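>>> Sharing a model that was predicted from the sequence below.
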Amino acid sequence: MSKPKIGLALGSGSARGLAHIGVLRALEENNINIDFFSGSSAGALIGGLYCTGISPKMLKGLAIQVDKKTWLDFTVPNKGIVKGDRIEEILKIITGSRNIEDLDKKISIVSTNLNNAEEVVFTSGPLYKAIRASISIPGVFEPVKFHNEVLVDGGVVDRLPVSVLKDMGADIIIASDVGFGSYQSRIFRIFDIIQQSIDIMSKRIYEEDKRLADIIIQIPLSHIDSFSFERVEECEEIGYNTTIKAISQIKEKINEVSNL
């Protein structure tokens, strides 16, 4: 086999997903070129923006600069606490309204269809709309209505979208897994309750998906709360350092598959 096609799955995890920025930085610095990306929830956000040509350094800068107050448009709770129009508009501007099929790199973005509880994988259409659907945590964000579907967070059905990369044609699959938060011994806020409920529901499918990955970058972030978006630098650094430790394993796998 000639150079194998490499896929990178970027998992969900709310604020912990900021660690994916460090993963991308480490892979770039070590000349590991990714052919296919898949993203769920926070992974869809980071991966989608990266595939428009935004560098890890710029992604980190954006994450630091954008305060939660900028994108949280609270509404009277009906379908969600956060309306989501503001973040959708921000995403539209940042992505330049580009379509997924026209991006610099190939990415599939995962969301969940509430009408039938099935996975919806975006491989074309407006990137900002796909990301907005994938990050829509049920009960927090209002769902996205798109093509007669009611869409919410991809992490509900596919927390670590590894199987999607198989369908895209990846020979080697790397999974960037930011894990779950620790909810023990602290008072629950409504955000914590919602996020923990989703985590519990998704764990079994998540464990099955992990088995399909060739290499798992398991990033230790259980101490980071789901909505601690201000801890950008810490998450990015942990993601970077964890990936650096996995570089030799990744290169060995590439050589192994190349020689088949």
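Sure, I can see it.
>>> Least confident secondary structure element in the protein?
When each helix and strand of the chain is scored by mean pLDDT, DSSP states H and E, helix 68-71 comes last, with a mean of 56.
>>> what stretches of the stretch 51-200 of the chain score poorly on pLDDT?
Residue ranges of the stretch 51-200 of the chain with pLDDT under 70: 67-83, 181-200.
>>> got the buried residues for stretch 134-148?
Judged by neighbour count (16 or more other C-beta atoms under 10 Å), stretch 134-148 contains these buried residues: 134-144, 146. The C-beta positions use only the backbone N, C-alpha and C, and glycine is treated the same way.
>>> Please measure how far the first residue of it sits from its last one.
End-to-end distance for stretch 134-148: 16 Å, by C-alpha to C-alpha, to the nearest Å.
>>> That one: how far from the chain's middle?
Put simply, stretch 134-148 sits 15 Å off its chain's centre (C-alpha atoms, centre = their mean, to the nearest Å).
>>> isn't residue 171 right next to residue 5, touching?
Yes. Taking contacts as C-beta atoms under 8 Å, residue 171 lies within contact range of residue 5: 4.9 Å.
>>> Could you list every helix and strand in contact with the longest strand along the chain?
Scanning the chain for the longest strand, with DSSP state E as the assignment, gives strand 106-113. For strand 106-113, the packing partners by 3 or more C-beta pairs under 8 Å, 6 or more residues apart in numbering; DSSP states H and E come out as strand 36-40, helix 42-50, strand 118-122, helix 127-134, strand 149-153, helix 163-168.
>>> which residues are contacting the longest one?
By C-beta atoms under 8 Å, 6 or more residues apart in numbering, the list of residues contacting helix 42-50 from outside reads 8-18, 20-21, 24, 37-39, 56, 59, 62, 94-95, 100, 105, 107, 109-111, 127, 130-131, 134-135, 154, 161, 176, 178.
>>> how long is stretch 22-40 end to end?
End to end - C-alpha to C-alpha - stretch 22-40 spans 17 Å.
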